[in-house]
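Engineer: Next one to model:
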Amino acid sequence: MSLRLRLALAGALAILIALGLAALGLAQLFGAHVERRATAEMSVQLDQVMAGLERGAEGLELARPPADPRFSVPYSGLYWQIEEAGDLRRSRSLWDAALHLPVDTLGDGAVHVHRLAGPDGTDLLVLERSITLPSRLGGGLVRAAVAMDASELVAARRAFMADLSPYLALLALALSAAGWVQLSIGLRPLRSLGARISALREGRAERMGGHWPVELRPVATEIDDLLAAREAETERARTRAADLAHGLKTPLQALMGEADRLRGVGATEQADGIEETARAMRRTVDRELARSRTAARAVDAQADPARVANGLIAVLRRTPEGARLHWQQTIPEGLAVALDEADLAEAMGALAENAARHARSKVVMSVRVQGDRMQLTIADDGAGIAQTDCDRLMRRHARADETGTGLGLAIAADIAEAAGGTLVLGDAAPGLAASLYLPLARGTQARPMERHD
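Structural biologist: This is a model prediction of the structure:
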């Protein structure tokens, strides 16, 4: 999962949790507000009940009931009740039920709020008050209560949440979109970092530079330091390889001279052994020099295989082996591989010389573009090599000169590998086909095939 998606999901989850908690809090606040409003309204109704009390022939009665018509409708959800010395007076809405007020002690004029069970098991919100009647009403202590169905409060809260939910959903979407925009802006330097590293790899840039946010600047600095250290190490390796080659030239030349002296005195076998050893050492030195030189090339190098092939053919046609052959070149102009031209010439030259040595009458150079890679094939019509020998020659540490194909195959393979490609040997039916698979230079497009005979 990408970093952006992780942060987006975490942000969306946090938004949902926060809005969910906010919704619960708002529901509680709204419920408390509605209950306070209901209690205030019931307090007014309770005042009306107390103000309407009169003493009649049958005792205390409510001469002027509250104006709300629900007090007269049975089980309407709005009720009043008066209790004096065990004698109950209640609203018509209670019908044959009664409010079972808890046994508690109220001060004169004090008000208590209760949650009680009402008719048919309904939940009631009850407002209770205890007062001492004036002398004109006969005195005495009276408990009066007004109750309402609490389900109305629950219904009001549910309606409030139903009205609030669409707005919360829109707010969640808006906050999520804002979070995504924030992530896109905040993570943009990471995308730039990846693009810069890609430019470094492809040779379009040399360093990361210092124009980065504070959080990414240490990463860019470390990458630049790593590149500098790698370049310095590569340069030291090239220098050591060159010093090694130059240091071995004089001893190798001395060995060749000693071989000539031995051959002059008749020690031909000893001279041949020394020369073979010296040539093997020289080939090893040349191979390692080619490897180090190719690995140190700039990654933005480009080479035109058609131009290199034309130059090689012109040179090889002046050699005894190349002059007797028909050279067919079908590489289109304008192709470019991500390889230094000198390295491409060395790799193709080694393969072309090998083909010229073994061809009967013809050598063909061709290419085929496959996506961002190019297959460059040099094929001869000679006797070819068995597939088992091809596999053995391409195996790491195999000595190519033991099969008679020379050191060229190994050098060409090293150059291709250093450029990110490979060398593959196969049957050309008849003959041998040596194919270099090399990456195309950036922006290269194949052009129509051209033929040069």
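Engineer: Show the pLDDT at Asp372.
Structural biologist: Per-residue pLDDT puts Asp372 at 85.
Engineer: can you give me how far the helix or strand where Gly25 lies is from the chain middle?
Structural biologist: In this assignment (DSSP states H and E), Gly25 forms part of helix 3-51. Relative to the centre of its chain, helix 3-51 is centred 39 Å away, using C-alpha atoms, centre = their mean, to the nearest Å.
Engineer: so what does it touch, helix or strand wise?
Structural biologist: Contact analysis of helix 3-51 by 3 or more C-beta pairs under 8 Å, 6 or more residues apart in numbering; DSSP states H and E lists strand 78-84, strand 111-117, strand 123-132, strand 141-149, helix 151-202 as its packing neighbours. Using the backbone N, CA and C atoms, a C-beta is placed for each residue, glycine as well.
Engineer: any idea of the mean pLDDT for it?
Structural biologist: Model confidence over helix 3-51, given as mean pLDDT, is 91.
Engineer: ditto for stretch 177-188
Structural biologist: Mean pLDDT, stretch 177-188: 88.
Engineer: buried set for that stretch?
Structural biologist: Going by neighbour count (16 or more other C-beta atoms under 10 Å), the buried part of stretch 177-188 is 179, 183.
Engineer: So what touches it?
Structural biologist: 3-4, 7-8, 11-12, 15 (C-beta atoms under 8 Å, 6 or more residues apart in numbering).
Engineer: Can you lay out the helices and strands packed on helix 3-51 as CSV showing distance to Thr277?
Structural biologist: Shown next, in CSV, are the helices and strands packed on helix 3-51 (distance: least, C-beta to C-beta, whole Å):
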stretch, distance to Thr277
strand 78-84, 118
strand 111-117, 108
strand 123-132, 108
strand 141-149, 112
helix 151-202, 42
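Engineer: Select, out of the ones you listed, the one closest to Gly408.
Structural biologist: helix 151-202 (29.4 Å; C-beta to C-beta).
Engineer: got the angle for the closest one vs strand 78-84?
Structural biologist: 130 degrees (axes from the mean of the first three to the mean of the last three C-alpha atoms, to 10 degrees).
Engineer: Could I get the average pLDDT for whichever helix or strand comes after helix 151-202?
Structural biologist: Downstream of helix 151-202, the next assigned helix or strand under DSSP H and E is helix 217-264. Average pLDDT, helix 217-264: 81.
Engineer: among the contacts of stretch 177-188, which two are most distant?
Structural biologist: Distances among the contacts of stretch 177-188 were taken as C-beta to C-beta; the most separated pair is Leu3 and Ile15, at 18.5 Å.
Engineer: Specify which residue of those two has the higher count of neighbours.
Structural biologist: When neighbours are counted by other C-beta atoms under 10 Å, Ile15 comes out ahead of the other of Leu3 and Ile15, with 18 against 10.
Engineer: For Leu168, give me its contacts.
Structural biologist: Applying C-beta under 8 Å, 6+ apart, the residues near Leu168 are 19, 22-23.
Engineer: Select only the buried ones of those residues in PyMOL?
Structural biologist: This is the PyMOL syntax for the buried subset of those, where burial follows 16+ other C-beta under 10 Å:
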select buried, resi 19
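Engineer: just curious, which of the contacts of Leu168 is nearest to Leu53?
Structural biologist: Nearest to Leu53 among these, counting by C-beta to C-beta, is Ala23 at 45.1 Å.
Engineer: ok, now how distant is the closest residue to the closest one other than its chain neighbours from Ala156?
Structural biologist: Leaving aside its chain neighbours, Ala23 sits nearest to Leu168 (5.8 Å; criterion: C-beta to C-beta, 6 or more residues apart in numbering). Leu168 sits 18 Å away from Ala156, going by C-beta to C-beta, to the nearest Å.
Engineer: and if you look at Leu137?
Structural biologist: Taking C-beta to C-beta, one finds Leu137 at 37 Å from Ala156.
Engineer: Which of the two has more residues huddled nearby?
Structural biologist: When Leu137 and Ala156 are compared on other C-beta under 10 Å, the one with more neighbours turns out to be Ala156, at 17 against 14.
Engineer: Could you pull up the residues touching the residue in the chain sticking out farthest from the centre?
Structural biologist: Largest separation from the mean C-alpha position in the chain: Ala57, at 89.2 Å (C-alpha atoms, centre = their mean). Contacts of Ala57 were listed using C-beta under 8 Å, 6+ apart, and none were found.
Engineer: same check, this time on the one 5 residues further on
Structural biologist: For Leu62, the contacting residues are 49, 52-54, 80, 82, 89, by C-beta under 8 Å, 6+ apart.
Engineer: could those residues go into TSV alongside neighbour count?
Structural biologist: Formatted as TSV, the contacts of Leu62 follow (neighbours: other C-beta atoms under 10 Å):
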residue	neighbour count
Val49	23
Gly52	15
Leu53	20
Glu54	11
Trp80	27
Ile82	20
Arg89	18
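Engineer: Tabulate those residues (JSON lines), appending distance to Thr319.
Structural biologist: As requested, those are exported to JSON lines (distance: C-beta to C-beta, whole Å):
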{"residue": "Val49", "distance to Thr319": "126"}
{"residue": "Gly52", "distance to Thr319": "131"}
{"residue": "Leu53", "distance to Thr319": "134"}
{"residue": "Glu54", "distance to Thr319": "138"}
{"residue": "Trp80", "distance to Thr319": "124"}
{"residue": "Ile82", "distance to Thr319": "130"}
{"residue": "Arg89", "distance to Thr319": "132"}
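Engineer: Nice, that's everything, thank you.
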